[in-house]
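Asker: Got a predicted structure plus its sequence, pasted below:
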Amino acid sequence: MKRRALVAGTAVAVLALTGCAAPRARRADTGSSHWSGRLSLSVDGNPPQSFAAVFELDGNPEQGELLLTTPLGNTLGALQWSPGTAVLREGTQRRRFASLAALTEAVTGAALPIDALFDWLQGRPADVPGWRAELSQVAQGRLQATRDAPLPTAQLRVVFERPSP
């Protein structure tokens, strides 16, 4: 019973966070993009896990950075990748990972398809084994994706600033 109350409280906190942080402005670079907003991830494991943050995503699927902060602006971590490299910067510490999927799993609790996220944020479908994205609200700055495999299932919700054309 206590565990269920804790899980319910965590879910309420994630939903509250998803509704209260303001997205930041966008800047465009040749061959790369900049997205910002809020994201939350719920993993239906044992025990269930949830993660929520304000984000800034720069670059492209091959090379980029995902900065995660709290709503108050404290840095949770900076994920950086390029061909053959995936690094997490936390303050002065740097941790290297075998892949971007391993890096995102270490930070959020689930391997996130960052390469597909660039397409999804633009409203373009991208096939990712085990994931399905709901793109009908992208024009309104909302994205939801569900991971059905491998188990446990996971829900990714992103509220973002829609870039100007």
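Answerer: Noted; the coordinates are in hand. Just so we're clear, the structure is a prediction, and the values are computed from it rather than from any experiment.

Asker: now stretch 48-56, how far from the centre of its chain.
Answerer: Put simply, stretch 48-56 sits 7 Å off its chain's centre (C-alpha atoms, centre = their mean, to the nearest Å).

Asker: For that stretch, give the mean pLDDT please.
Answerer: This predicted structure assigns stretch 48-56 an average pLDDT of 93.

Asker: Could you do stretch 62-80 as well?
Answerer: 93.

Asker: Could you tell me the end-to-end distance of it?
Answerer: Taking C-alpha to C-alpha, to the nearest Å as the measure, stretch 62-80 stretches 10 Å from start to finish.

Asker: Would you mark the buried spots in it?
Answerer: Buried residues in stretch 62-80, counting neighbours by 16 or more other C-beta atoms under 10 Å, are found at 64-69, 76-80. Heads up, the C-betas are built off the backbone N, CA and C, glycines and all.

Asker: Residues contacting it, please?
Answerer: Outside of stretch 62-80, the residues within contact range by C-beta atoms under 8 Å, 6 or more residues apart in numbering are 17, 20-21, 32, 53-59, 81-83, 86-91, 100, 103-104, 107, 114.

Asker: Inside strands: which ones of the buried residues of stretch 62-80?
Answerer: Secondary structure defined by DSSP state E assigns 64-69, 76-80 of these to strands.

Asker: any idea which of these is closest to Phe160?
Answerer: For Phe160, the nearest member of those is Leu66. The distance, counting by C-beta to C-beta, is 12.6 Å.

Asker: That closest one and Leu151: what is the separation?
Answerer: When C-beta to C-beta, to the nearest Å is the yardstick, Leu66 and Leu151 sit 25 Å from each other.

Asker: Likewise for Ala106?
Answerer: Here the criterion is C-beta to C-beta. By it, Ala106 lies 19 Å from Leu151.

Asker: Which one's more surrounded, the two?
Answerer: Applying other C-beta atoms under 10 Å to Ala106 and Leu151 shows that Ala106 carries more neighbours, namely 15 against 11.

Asker: which residues does Phe55 contact?
Answerer: Phe55 makes contact with 35-39, 66-69, 158, according to C-beta under 8 Å, 6+ apart.
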